[in-house]
Structures are given as C-alpha cells and as structure tokens.
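*Asks:* Predicted structure and sequence below. I'll ask about it afterward.
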Amino acid sequence: MHKTLPLPPLAAIRAFEAVARHGSFTKAAGELGMTQAAVSYQIKVLEDRVGAPLFLRRPRQIALTEIGQRLAPAITQAFEQISEAYVTARGGAQGTLVISTIATFASNWLARRLGSFQIAHPSLAVRLQTEPHLVDFSREEVDIGIRSGVGDWPGLVAHRLIEADFTPMLSPSLAASIGGVKEPADLLRLPLLDTSDPWWAKWFEAASVSVEGLSSRPGNSMGAQVYEGNAAAAGQGVAILTPAFFAAELADGRLIQPFDLVCTENQAYWLVYPESRRNSPKVSAFRQWILGELTAAA
C-alpha cells in the first residue's frame, strides 16, 4: 500500500513561501504578522525536514539555494490553487482582479469596454496597472497580464487578442497643410513622430519608398501609441499606429488613415496568466468576457 510522506508544518511552509516571494525575512514577517525570529525558526524547521538549506544568508541579502528554487514555485502554486478552490466554494468570481497591461491597450481598448464586464460581475472589482515591463507572476500581486509579442512565455497560458499591425495616421488638418497626402512619399514632407520606431522603416519599405537616415530625423518619442495618437490628432505629426486601438478616432475624423497598406511583424497582444490559474473563477470570468468582446467586434 502506498504511503503518503508526512507534510511539514503548515506554518513552516507559509513562512518559506512568503520569504521566497519577498526575498526578505522582514517583509515576510510583516505580511504574516510574526516576528522575524519566528519566521527564521519556521524556515529552520522546514530546512530540517528537507535536510538541506533553502536560503543562502548573506549580509543584508538572502537568496534561494538550488533546492529552494525548485521548491518555491511548487509551494506558491499550491497556495494559489487552495485560494482559488476557496473562492469557488464561496460562490465564484469576487474580490479584486488585478490586470497588468500596457498604457495604449488600457486606455484605447480596455477602459472603453470594461463597464460591461463590471455590470456582468458586480462583486468583482478591477484594478488596472499600466507598466512597460513583463510582470513576474510569482513575485507580483497580479492575476492577468496583457502583453505584446509572439505568445511564447514559459509557464503561461496565452490567448491571442489583437494583431500588432501598423500603418501611418495623421489629422485631416495636417494632411491639408500640404494639399493632401496622395502617395506614401508625401508623408516625408511632414513631421514624423518617433522616427526611431522600426515600424516606420518596415512600412516605407513595404510601400516601396526609399528612406535614408530616417532614424536620425528629428521626431518626438513618447513611449506609447496612446500618446503618439493624441499628438497626431492634435496635428503635431504623423504617427505609426495599430488601427484597432484608434477605431473611434478614425470614425469621428480626428485621425485619418491615408493608405490601405497595413503591415505586421506576426506579433500580437495576448491575454496571459499562469497555468495554475486557468480555473480561477475571476480569471475564467475575464477570459470569457474579453474573448467574447473580440468575437463580437470581429
């Protein structure tokens, strides 16, 4: 008959998970409402059970040992699954859904539609965090991420949302300032926003326009499409943008897309979350909603 090995005390496992996540005994103690000495004792209990050190203790710094690195993700995943099972038992999606996304997706797509999600799930609050870096789900309190790329992040489930395609856009008044934009080369007579963006070179190449020294031309770089789109709508220059994010501006005439040529690098915007959260009620609710929104829009 197969025997299950006895588990270490839950207090020791909780202490290890918190220290591994924070990289600090002090922060873990604060989260758990324990003294630092008590946390250290629980880690020692677990190390005695494992039979090996779990942390390398250095002056003002700790780091996981190789064994600790193998153990930490599994314990974090186990706690997440327990938490999700508890939420499910209490009646489904509730609490706070934290979404990490980029500024343009948050402002020009998600914020304009999020009301319908909150009406459908009144017991679930949504907190958007806009940040350019890739979130580490094991260390940051984030449920879902929206990223751009090719969708190959290890350990994450990825759902393709919107193609990361691109084409020039500008205000009607700026186009009129040179008598209209009739061919792609006409754009070079106007100020281009963020000429260091490699999308410009790719689009002009696809349009069979030879451009030399494009990246050295003066042009404001604003770091996100939402800002460049606003500047373009204000007549400050021509921006190279993803059409799906500026459908409203194109519809009401604040921006025009002078050419049908739209390029792509075979990248997209993706909904991502850890494999362990696939069945989380709040993740499932948001996944079903956003994929439904995209299907309806298509």
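*Replies:* Happy to help now that I have it.
*Asks:* residues contacting residue 127?
*Replies:* 96-99 (C-beta atoms under 8 Å, 6 or more residues apart in numbering). C-betas here are computed from N, CA, C, even on glycine.
*Asks:* give me the beta-bridge partners of residue 167?
*Replies:* residue 241 (DSSP bridges).
*Asks:* pretty sure it is touching residue 261, no?
*Replies:* Yes - between residue 167 and residue 261 there is a contact under C-beta atoms under 8 Å: 6.3 Å.
*Asks:* Compare the two (neighbour count), which wins?
*Replies:* Counted by other C-beta atoms under 10 Å, residue 167 and residue 261 do not tie: residue 167 has more neighbours, with 22 against 13.
*Asks:* Read off the pLDDT value for the more buried one.
*Replies:* With respect to pLDDT, residue 167 has a value of 98.
*Asks:* ok, so what distance separates it from residue 199?
*Replies:* 9 Å (C-beta to C-beta, to the nearest Å).
*Asks:* Common neighbours of those two, please.
*Replies:* 240, 263.
*Asks:* list residues touching both of residue 167 and residue 261?
*Replies:* residue 203.
*Asks:* ok, so what distance separates residue 262 from residue 14?
*Replies:* Distance of residue 262 to residue 14, given as C-beta to C-beta: 51 Å.
*Asks:* Helix, strand or coil: sort out residue 67 for me.
*Replies:* helix (DSSP: H, G, I helix; E, B strand; the rest coil).
*Asks:* ok, now which ones touch it?
*Replies:* Residue 67 makes contact with 50, 52-54, according to C-beta under 8 Å, 6+ apart.
*Asks:* Which secondary structure state does residue 8 sit in?
*Replies:* Assignment for residue 8 (three-state DSSP): coil.
*Asks:* Excluding sequence neighbours, find me the nearest residue to it.
*Replies:* residue 49 (4.5 Å; C-beta to C-beta, 6 or more residues apart in numbering).
*Asks:* Verify the stated contact: the one you found with residue 16.
*Replies:* No - applying C-beta under 8 Å as the test, residue 49 and residue 16 come out as separate, 10.4 Å apart.
*Asks:* higher neighbour count, these two?
*Replies:* residue 16 (27 against 15).
*Asks:* next one: phi and psi at the more buried one?
*Replies:* Torsion angles at residue 16 (phi, psi; degrees, to the nearest 10) stand at phi -60, psi -50.
*Asks:* can you map out the strands along the stretch 1-150 of the chain?
*Replies:* Secondary structure of the stretch 1-150 of the chain (DSSP state E, counting those that start in this stretch): strands at 55-58, 61-64, 95-101, 124-130, 144-149.
*Asks:* quick one: strands adjacent to the second one?
*Replies:* Based on DSSP bridges, the pairing partners of strand 61-64 within the sheet are strand 55-58 (antiparallel).
*Asks:* Now the partner strand: buried residues?
*Replies:* Neighbour counts using 16 or more other C-beta atoms under 10 Å place residue 55 of strand 55-58 among the buried residues.
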